[in-house]
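Q: Here is my input, please return the structure:
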Amino acid sequence: MQAIWNNKVIAEADKKDLIYIEGNWYFPPDAIKKEFLKPTDKHTTCFWKGLASYYQVDVDGEVNEDGAWYYPDPTPSAIDKVKKDFTDYVAFWHGVEVKE
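A: Numbering: from 1, shown residues only. As a prediction, this is how the structure comes out:
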């Protein structure tokens, strides 16, 4: 699986290593090309997963503000529900294409 923004692969991993939660693929931290992600000050709260933090995606000067998010400390009940610890796994939106 790949996450692509501005014609550049910004994350890549075997599908078996990703986690699918609520319509989004979450990539493991070691699958992320961190040179394309910069932390932002944005945070949101999911009632069952906990506090989410965001990255801006920056490829060749093209910026996708808050185009990726992750849970640095997901709730224990969310980990139980998903049946896998998804701490720091990264999901994408706002035009980032995720494909097999």
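Q: For residue 78, see how far away residue 37 is.
A: Applying CB to CB, to the nearest Å, the value for residue 37 to residue 78 is 22 Å. In short, each C-beta sits where N, CA and C put it, glycine included.
Q: nope, residue 15 is what I meant
A: Following CB to CB, the distance that separates residue 15 from residue 78 is 21 Å.
Q: If you count surrounding residues, which of those two has more?
A: The residue with the greater number of neighbours, taking residue 15 and residue 78 and applying other CB atoms under 10 Å, is residue 78; the counts read 17 against 9.
Q: Could you list the alpha-carbon positions for stretch 88-100 in CSV?
A: Taking only C-alpha atoms (Å, rounded to 0.1, in the frame of the first residue of the first chain), the coordinates of stretch 88-100 have been written out as CSV:
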residue,chain,number,x,y,z
ASP,A,88,1.8,6.6,16.2
TYR,A,89,0.3,4.9,13.1
VAL,A,90,-0.5,7.6,10.5
ALA,A,91,-3.6,8.0,8.4
PHE,A,92,-4.1,10.5,5.5
TRP,A,93,-6.8,12.6,4.0
HIS,A,94,-7.3,16.0,2.2
GLY,A,95,-6.3,14.6,-1.2
VAL,A,96,-3.6,12.2,-0.2
GLU,A,97,-4.2,9.1,-2.3
VAL,A,98,-3.9,5.7,-0.5
LYS,A,99,-3.8,2.8,-2.9
GLU,A,100,-2.7,-0.8,-3.3
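Q: Can you give me the buried ones in that stretch?
A: Residues of stretch 88-100 classed as buried: 88, 89, 90, 91, 92, 96, 98 (neighbour count, 16 or more other CB atoms under 10 Å).
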